[in-house]
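Asker: quick one, fold the following:
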Amino acid sequence: MPVREQVGEQAEGRGGDRARDGGWIANIEAARADLARSSTAARVAGLLREQIIDGLLKPGERLPEGKLQKAADVSRNTLREAFRMLVEERLLVYQFNRGVFVRRVTPGDVTDLYLVRRILECEGVRAAPAAAPEALARLDAAVSRGERAAEQGRWPEVGAADIRFHEAVGALVGSRRVDEMLYRTLTELRLAFHEMVSPREFHEPYLRRNRLLTELITHGRIEAAERELRAYLDDAEAQLLQAYEAADRSTAG
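Answerer: Okay, the predicted model is just below:
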């Protein structure tokens, strides 16, 4: 076959492939220059999420774009893509002509977040009898981390350990999708913890209850564990909402 005809057939074949795949392969090819940037942006977004979980980034705090860009050694566009991801996750908020700030979770958000927690975490408790030993061990590891931090008076770290504990409860389901949903839910909720005037008064009772939940789950007392978890979540939600009401009254006064 003449070379020209062979090339023509190959081109026609590629055109046929594009027609069959609906053109989405061509779209991927056109966007591939952005893939490396998007991957880096996702990593930067992940680092910022961890600062929120650790209690280091607080509601209302402005994110200094120049300093962050230099610290992460990324382009301005990459940093802004990371910001965009976190705005979509309701962790950050953009204020026109002012910049990007850590978002303040609303009382309505708190109610909705606890609704999601009840669904995901209670399912984790029910799934515990079939969970792998290493999944159960994560519960004890998270509680122990919180207990060590409490002994040293590092209450923000106790808050972070509490988040890890509840991630471990959800992980008993054994679903990556559940893990992702609960991680995002708990990261957003972590911002609400800052409404509490005293981190110690808020976290100390729940640290003891985390230990109780771990013992109930690991000893196979699943119904008792689910009852305790539901009461636990009800109490925590009510306490946070009361803190919001007190803060609003103080502001109004």
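Asker: in this protein, where is pLDDT below threshold?
Answerer: Where the chain drops to pLDDT under 70, the residues are 1-25, 27-29, 31-38, 252-253.
Asker: which parts of it are strands?
Answerer: Secondary structure of the chain by DSSP state E: the strands cover 92-95, 99-102.
Asker: what lies in contact with the last one?
Answerer: So the one you mean is strand 99-102. 52, 57-63, 65, 83, 87, 91-95, 191 (CB atoms under 8 Å, 6 or more residues apart in numbering). Glycine gets a C-beta too; all of them are placed from N, C-alpha and C.
Asker: go again with 6 Å.
Answerer: 57, 59, 61, 62, 63, 83, 92, 93, 94 (CB atoms under 6 Å, 6 or more residues apart in numbering).
Asker: which parts of it are buried?
Answerer: By neighbour count with 16 or more other CB atoms under 10 Å, strand 99-102 contains the buried residues 100, 101, 102.
Asker: what sits closest to the last one if chain neighbours are left out?
Answerer: Going back to what we said before, that points to residue 102. Spatial nearest neighbour of residue 102, chain neighbours left out: residue 61 (4.6 Å); criterion: CB to CB, 6 or more residues apart in numbering.
Asker: separation between that neighbour and residue 55?
Answerer: Separation of residue 61 from residue 55 (CB to CB, to the nearest Å): 11 Å.
Asker: so for those two, which sits in the more crowded spot?
Answerer: Between residue 61 and residue 55, counted using other CB atoms under 10 Å, residue 55 has the larger neighbour count: 19 against 14.
Asker: how near is the residue nearest to that one when sequence neighbours are not counted to residue 162?
Answerer: Excluding the flanking residues, the one nearest residue 55 by CB to CB, 6+ apart is residue 156, at 3.8 Å. The spacing between residue 156 and residue 162, counted by CB to CB, is 11 Å.
Asker: all helices of the stretch 151-253 of the chain, in order?
Answerer: With DSSP state H, counting those that start in this stretch, the ranges of helices along the stretch 151-253 of the chain come out as 155-171, 176-190, 199-218, 222-252.
Asker: list the buried ones in the last one?
Answerer: Taking 16+ other CB under 10 Å as the neighbour-count basis, helix 222-252 is seen to contain the buried residues 224-226, 228-229, 232-233, 236-237, 240-241, 243-244.
Asker: repeat that for stretch 87-96.
Answerer: Neighbour-count burial for stretch 87-96 flags 90, 91, 92, 93 (criterion: 16+ other CB under 10 Å).
Asker: would you turn the strands of the chain into CSV with distance to residue 111?
Answerer: Below are the strands of the chain laid out as CSV (distance: least, CB to CB, whole Å):
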stretch, distance to residue 111
strand 92-95, 19
strand 99-102, 20
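Asker: out of those, which comes closest to residue 180?
Answerer: strand 92-95 (18.7 Å; CB to CB).
Asker: pairing partners for that closest one, with directions?
Answerer: strand 99-102 (antiparallel) (DSSP bridges).
Asker: distance of the spatially most central residue of the chain relative to residue 175?
Answerer: In the chain, the centroid-proximal residue (CA atoms, centre = their mean) is residue 184; its distance is 2.7 Å. Distance, residue 184 to residue 175, using CB to CB: 14 Å.
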